[in-house]
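J.: Give the three-dimensional model of this entry:
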Amino acid sequence: MRTARPLFMATAAVSVLGLLTGCSGGSSSSTATSVSKDCKPKFTFPTISKGTLTIAAPEAPPYFSNAGGKQSGIDLETLNQFAKDACLKASWNVIPAAGDIEAVRTKRVDITAGGWYATPDRGKVVNQSDPVYVELPTILSKSATSDANALKGKTVGTVTGYAWVPDLKKLYGDKLKEYQSTDAALSDLATGRTAAAVLGGIDAPYLVSQSARFKDIVAKTMRPTAAVAVSEKPSLPNYPHTKGNDELTAALNKELAGLRSSGRIAEILKKYNIDPKLADVEKYR
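T.: Numbers count the residues shown, from 1 in each chain. All right, here's what the predicted structure looks like:
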């Protein structure tokens, strides 16, 4: 799996550029929530701007989107609830993925969203929360298979940069075709140039559900196999946030535990056509 969340579709990149036009510092900010006067916080922690949780995210649905001025996404709903429970306004800043961690490191924002994986190197410059959800490799095909081994001898697509690519090269040899974007991989699958594609379990099922071009494609979480290591031990996305703000870390972890135990994270995933089982992070910790 990738250690950074790329912009998966060319249209997403165009949307970001449109949002950034004329905005200082390369970002666009809008307050998504308000706070009632009688609000009693479940937890308190310092923030960069008093009374506001400042959040950075790339235009990368289904994690976060501000397309057409309408905000949506898994992380939007999760972190808006977190801000509400802390009696804070939530201010979302659209920043291309390459600048999000830097925005946290330099304390321009409190937190970043968008499917970031926890890594030791990243932990040197930001605090990292408990996992939010699991992103297992997912097989997309017209045959609805979940068995990676059953695809041997067939042309299989994937996106360059994912942690499973080396294993897929061993499994499929010259039958593996690498792409620069999820959209490109799905397009070749839809037209029959490939028999299947191994893609991310969060974004790919969502993108398939959003386009009539992909109506015949079925997404299935890959059956665990030793041939693809991350199918058994995946990386787990988290919310990187300001280094040294341990009170924020504790509050985030408490919020995530509550949302998970109540079934709310699973509900949010299902809303975006994503397997709700990907909320079960404890299985992989």
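J.: So, low pLDDT: which residues of this structure?
T.: Along the chain, segments meeting pLDDT under 70 span 1-32.
J.: Where do the helices of it begin and end?
T.: For the chain, the helices defined by DSSP state H cover 10-20, 74-85, 97-105, 165-172, 182-190, 203-209, 246-261, 264-271.
J.: what about Gly99, how many residues close to it?
T.: Applying other C-beta atoms under 10 Å, we find 18 other residues in the vicinity of Gly99. No exception for glycine: its C-beta is placed from N, CA and C like everyone else's.
J.: same check, this time on Asp188
T.: 15.
J.: Next: the one 4 residues further on.
T.: If you count neighbours by other C-beta under 10 Å, Gly192 ends up with 9.
J.: residues touching it, list them.
T.: For Gly192, the contact set (C-beta atoms under 8 Å, 6 or more residues apart in numbering) is empty.
J.: before we move on, what about Lys270?
T.: Pro276.
J.: Of all the helices of the chain, which one is nearest Ala67?
T.: Distance to Ala67, taken as C-beta to C-beta, is lowest for helix 10-20 among these, at 5.2 Å.
J.: one step back: nearest to Lys42, of the helices of the chain?
T.: Nearest to Lys42, of those and by C-beta to C-beta, is helix 74-85 at 4.6 Å.
J.: and the angle from the closest one to helix 246-261?
T.: Inter-element angle recorded for helix 74-85 and helix 246-261: 110 degrees (by axes from the mean of the first three to the mean of the last three C-alpha atoms, to 10 degrees).
J.: Contacts for helix 74-85, please.
T.: Counting by C-beta under 8 Å, 6+ apart, residues outside helix 74-85 touching it are 32-33, 35, 41-43, 53, 55, 57, 62-65, 89-90, 92, 111, 113-115, 132-133, 202, 239, 251-252, 255-256, 259, 264-265, 268-269, 271-272, 274.
J.: how big is the angle separating it from helix 264-271?
T.: 140 degrees.
J.: Please tell me how far the residue located most distally from the centre of the chain sits from Ala118.
T.: Residue farthest from the centre of the chain, counting by C-alpha atoms, centre = their mean, is Asp38 at 33.4 Å. The gap separating Asp38 from Ala118 is 37 Å, by C-beta to C-beta, to the nearest Å.
J.: about what we covered before: okay, the helices of the chain in TSV with distance to Asp216 next?
T.: Output for the helices of the chain, formatted as TSV (distance: least, C-beta to C-beta, whole Å):
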stretch	distance to Asp216
helix 10-20	21
helix 74-85	25
helix 97-105	30
helix 165-172	22
helix 182-190	7
helix 203-209	10
helix 246-261	34
helix 264-271	22
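J.: Ala229: what's its closest spatial neighbour, skipping adjacent residues?
T.: Leaving aside its sequence neighbours, Ala229 sits nearest to Asp167 (C-beta to C-beta, 6 or more residues apart in numbering; 6.0 Å).
J.: so that neighbour touches Thr225, yeah?
T.: No - contact between Asp167 and Thr225 fails when scored by C-beta atoms under 8 Å: they sit 9.2 Å apart.
J.: So if I had to pick from those two, which one is more boxed in?
T.: Asp167 (20 against 16).
J.: Around Val125, how many other residues sit close by?
T.: Here the count is done by other C-beta under 10 Å, and Val125 has 13 residues near it.
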